[in-house]
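Q: the sequence and its predicted three-dimensional model are supplied below.
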Amino acid sequence: MHVGNFRDALFKFLFARHTGGTNILRIEDTDRSRYSPEAEKDAIETLKWGGIEFDEGPHIGGPYAPYRQSDRKELGIYAEYVAILLDNGTAYKAFDTTEELDEMRKIQEANKLQTGYYGGVWRDATAEQVAAAEAAGKPCVIRLKIPRDTTIVIEDAIRGRIEWDSNTVDDPVLIKADGMPTYHFAAMVDDHLMEITHIMRGEEWISSAPKHAFLFDAFGWQRPIFVHCPVIKGKDGKKLSKRHGATSVLDYRSLGFLVDALVNFVALIGWSPGGDLEVMSRRQLIEHFDLSGLQPSPGVWDFDKLKWFNGQYIRALDPEALLGTILEFVDEPDTLPFWSALADDPEASQLGVSDAAAIRESLELLKAAIESDPAYAFEAIKLEQERVVTLADFGPACAFFFQDEPPMDPKAVEKWFAQPHVGRLLDFAIRELQAGSEGTISIERCESFIRRFAEENGMDKLGPVVHPIRVALTGKTFGPGLFELMAVLGPVRMIRRLTRAKTLISG
RNA sequence: GGCCCGGUCGUCUAGUGGUUAGGAUGCCGCCCUUUCAAGGCGGAGGUCGCGGGUUCAAGUCCCGUCCGGGCUACCA
């Protein structure tokens, strides 16, 4: 499911919850050629992950069942209602062939006229002509007879009054030749039958709104309130696509984004509670959501800001909850395959990912570590909580805790192992660690012997002591505070790593 | 081409006739510090697309104009 559709679904959910209304899931599968069970499955999973709940729908039933339009078609609901329109003269049968319509469009384009079906021969055909065509077994569609020489007005909740010269809106197909209704018809009939109060959808629907509005009029039904939400664009102002990074919501899950962070971020594209409020829980989102905060202008997907939100949410989690979230993340069946696929994807750089294969490997390591020694993994995770952006970052960040021999950054070795005191330092540290008998060591004891070495060697700065030890222990020049990390590693691991480091300086 | 929607720092936005146009992100700097982050503080960044009006006063109201986007299917 595309993030744009997800945002719309989120708005509908928030609005329904805020107003105490009902959020209904309806499957609009009237186009056989377009429908895919995989897409539906993906949508269901996305909505579920996103915490977007429904009060009625195909999965839970409800007073207006069925909620799948193909099922409703089988029940004859659309045929029943289109008969009313045929009967009251606001719809008509059109027997044009595809070739005839193509020809008509070509002529319209050549003469720079507006394209579309504004009547042809069938709009005002006599009963005899229709009967003759039917007798000849010609296939037909049923079109809505948009009135001419008048103005169609809708009142949009975001944009206010929008009006069209009815001569510029063409006669839409209501029922296709295969008997299936179009979106135009099925959605409006269902909206009425299901007592929908607000049609919230993307702004790309504005141009069809007069058709929909008139359809309600043709039945003599009350029109719902139209709410056309702005679209989400890419950085270049174009429609958000794969070129801009990930567009699928579930990809963000695989990337290691927290649902709440994503929801918070997405809710703020095209909507604002007013004032400076930005970081909001789901509960606050519901509390503040209001149509008046909706924006008419399109928004841009700002990946950097999403990342900022995610960092905020990771840091706000209490460590136990974080551990659970990480476990869920690495256990999620999509996660590892996603990173494998990303390793072969040239678009990966769009996501700021440089080595997906390595990240995948580190995530597997993390998963194994949590399973084999959860207490140790927990300590490692706590130390990295302050410095990651995504859940996936925990993989590479924590890896050195779990590797027997963490890979050494050659630049770090070159920089910090060259100094003459390093050999003595490593021996000193090993001796200090061997002196303890408990198999564990406190942060304070680590700090005290590191500082002691600096003092005894007349060093006024800790850097020349801390950095070589860090490199020896983690292979890297960055990471959590050294003393904290030492206490988590413990004497046994540290002695092994320091001993290995010695081979690197003598060699 | 036609119809429609939109236009406040790069980005998300606050703003509903009177504000030094506010916040957030990103960027830069400083502080903190054993590193990287996080956090704190500060900075740069906006002639409110442009041009006319209305008004004592316009980002806010009106008109025009430019630019961007959507639709223009027996798709949704």
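A: Arrived safely, thanks for sending. Numbering: from 1, shown residues only, chains lettered A, B, ... in the order given.

Q: didn't A:Val466 look like it was pressed against A:Leu482?
A: Yes: between A:Val466 and A:Leu482 there is a contact at 5.2 Å, judged by Cβ atoms under 8 Å. All C-beta spots, glycine's among them, are computed from the backbone N, C-alpha and C.

Q: which neighbours do those two share?
A: Counting by Cβ atoms under 8 Å, 6 or more residues apart in numbering, the common neighbours of A:Val466 and A:Leu482 are A:Ile450.

Q: so if I had to pick from the two, which one is more boxed in?
A: Remark: of A:Val466 and A:Leu482, A:Leu482 carries more neighbours, 20 against 17, as counted by other Cβ atoms under 10 Å.

Q: ok, the more buried one - contacts?
A: In this structure, A:Leu482 makes contact with A:Cys446, A:Ile450, A:Val466, A:Ile469, A:Arg470, A:Leu473, judged by Cβ under 8 Å, 6+ apart.

Q: how close does the fourth one sit to RNA strand B?
A: Going back to what we said before, that points to A:Ile469. Shown here: A:Ile469 relative to RNA strand B, a distance of 8 Å by Cβ to the nearest atom of the strand, to the nearest Å.

Q: what is the strand or helix carrying that residue packed up against?
A: Using DSSP states H and E, A:Ile469 sits in helix A:463-474. Here helix A:463-474 touches helix A:410-416, helix A:422-435, helix A:443-456, helix A:482-506, going by 3 or more Cβ pairs under 8 Å, 6 or more residues apart in numbering; DSSP states H and E.

Q: can you say which of these is nearest to A:Ser241?
A: Closest to A:Ser241 of the helices and strands packed on helix A:463-474, according to Cβ to Cβ: helix A:410-416, at 37.8 Å.

Q: check which residues of that closest one are buried.
A: A:Ala412, A:Val413, A:Trp416 (16 or more other Cβ atoms under 10 Å).

Q: make TSV from those residues and add distance to A:Glu332 to it.
A: Output for those, formatted as TSV (distance: Cβ to Cβ, whole Å):
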residue	distance to A:Glu332
A:Ala412	33
A:Val413	36
A:Trp416	38
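
Q: not counting sequence-adjacent ones, nearest residue to A:Met459?
A: Computed as Cβ to Cβ, 6 or more residues apart in numbering, the closest residue to A:Met459 that is not its neighbour in sequence is A:Val465, at 6.6 Å.

Q: that neighbour: neighbour count?
A: Counted by other Cβ under 10 Å, the residues lying close to A:Val465 total 24.

Q: same deal with the one 10 residues further on?
A: By the criterion of other Cβ under 10 Å, A:Gly475 has 21 neighbours.

Q: quick check: nearest residue in space to it, chain neighbours excluded?
A: A:Pro406 (4.0 Å).

Q: ditto for A:Phe378
A: Closest to A:Phe378 by Cβ to Cβ, 6+ apart is A:Leu323, at 5.4 Å.

Q: ok, A:Glu447 next?
A: Here the residue nearest A:Glu447, using Cβ to Cβ, 6+ apart, is A:Phe483, at 4.4 Å.

Q: same check on A:Ala501?
A: Using Cβ to Cβ, 6+ apart, the closest residue to A:Ala501 is A:Ala472 (3.5 Å).

Q: dump the residue contacts of that neighbour.
A: With contact taken as Cβ under 8 Å, 6+ apart, A:Ala472 is in contact with A:Leu426, A:Arg497, A:Leu498, A:Arg500, A:Ala501.

Q: most neighbours, which of the residues you listed?
A: With neighbours taken as other Cβ under 10 Å, the top of these is A:Ala501, carrying 25 neighbours.

Q: contacts only, for that residue.
A: So A:Ala501 contacts A:Phe417, A:Leu426, A:Pro468, A:Val471, A:Ala472 (Cβ under 8 Å, 6+ apart).

Q: mind listing what's buried in the helix or strand hosting A:Phe378?
A: Under the criterion of DSSP H and E, A:Phe378 resides in helix A:374-384. In terms of neighbour count (16+ other Cβ under 10 Å), helix A:374-384 has its buried residues at A:Tyr376, A:Ala377, A:Phe378, A:Glu379, A:Ala380, A:Ile381, A:Lys382, A:Leu383, A:Glu384.

Q: can you lay out these as JSON lines showing distance to A:Gly439 and pLDDT?
A: Below are the buried residues of helix A:374-384 laid out as JSON lines (distance: Cβ to Cβ, whole Å; pLDDT from 0 to 100):
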{"residue": "A:Tyr376", "distance to A:Gly439": "13", "pLDDT": "97"}
{"residue": "A:Ala377", "distance to A:Gly439": "18", "pLDDT": "97"}
{"residue": "A:Phe378", "distance to A:Gly439": "18", "pLDDT": "98"}
{"residue": "A:Glu379", "distance to A:Gly439": "15", "pLDDT": "97"}
{"residue": "A:Ala380", "distance to A:Gly439": "18", "pLDDT": "98"}
{"residue": "A:Ile381", "distance to A:Gly439": "22", "pLDDT": "98"}
{"residue": "A:Lys382", "distance to A:Gly439": "20", "pLDDT": "97"}
{"residue": "A:Leu383", "distance to A:Gly439": "20", "pLDDT": "97"}
{"residue": "A:Glu384", "distance to A:Gly439": "24", "pLDDT": "98"}
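
Q: from these, which two are the most distant?
A: Distances among the buried residues of helix A:374-384 were taken as Cβ to Cβ; the most separated pair is A:Tyr376 and A:Glu384, at 13.3 Å.

Q: export the buried residues of helix A:374-384 to CSV and tack on distance to A:Asp276?
A: Below are the buried residues of helix A:374-384 laid out as CSV (distance: Cβ to Cβ, whole Å):
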residue, distance to A:Asp276
A:Tyr376, 42
A:Ala377, 38
A:Phe378, 36
A:Glu379, 37
A:Ala380, 36
A:Ile381, 32
A:Lys382, 31
A:Leu383, 33
A:Glu384, 30
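
Q: nearest to A:Val492, of the residues you listed?
A: For the buried residues of helix A:374-384, the minimum distance to A:Val492 (Cβ to Cβ) is 11.7 Å, reached by A:Tyr376.

Q: who in the stretch 251-400 of chain A is up against RNA strand B?
A: Residues of the stretch 251-400 of chain A lying near RNA strand B by Cβ under 7 Å from any atom of the strand: A:268-272, A:274-276, A:278, A:292-293, A:295-300, A:302, A:304-305, A:307-308, A:311-312, A:315, A:386-388.

Q: if we can go back for a sec, can I get the helices and strands packed on helix A:463-474 in CSV including mean pLDDT?
A: Below are these laid out as CSV (pLDDT from 0 to 100):
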stretch, mean pLDDT
helix A:410-416, 92
helix A:422-435, 93
helix A:443-456, 94
helix A:482-506, 93
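
Q: distance to RNA strand B added to these, as CSV?
A: Formatted as CSV, the helices and strands packed on helix A:463-474 follow (distance: least, Cβ to the nearest atom of the strand, whole Å):
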stretch, distance to RNA strand B
helix A:410-416, 9
helix A:422-435, 14
helix A:443-456, 7
helix A:482-506, 4
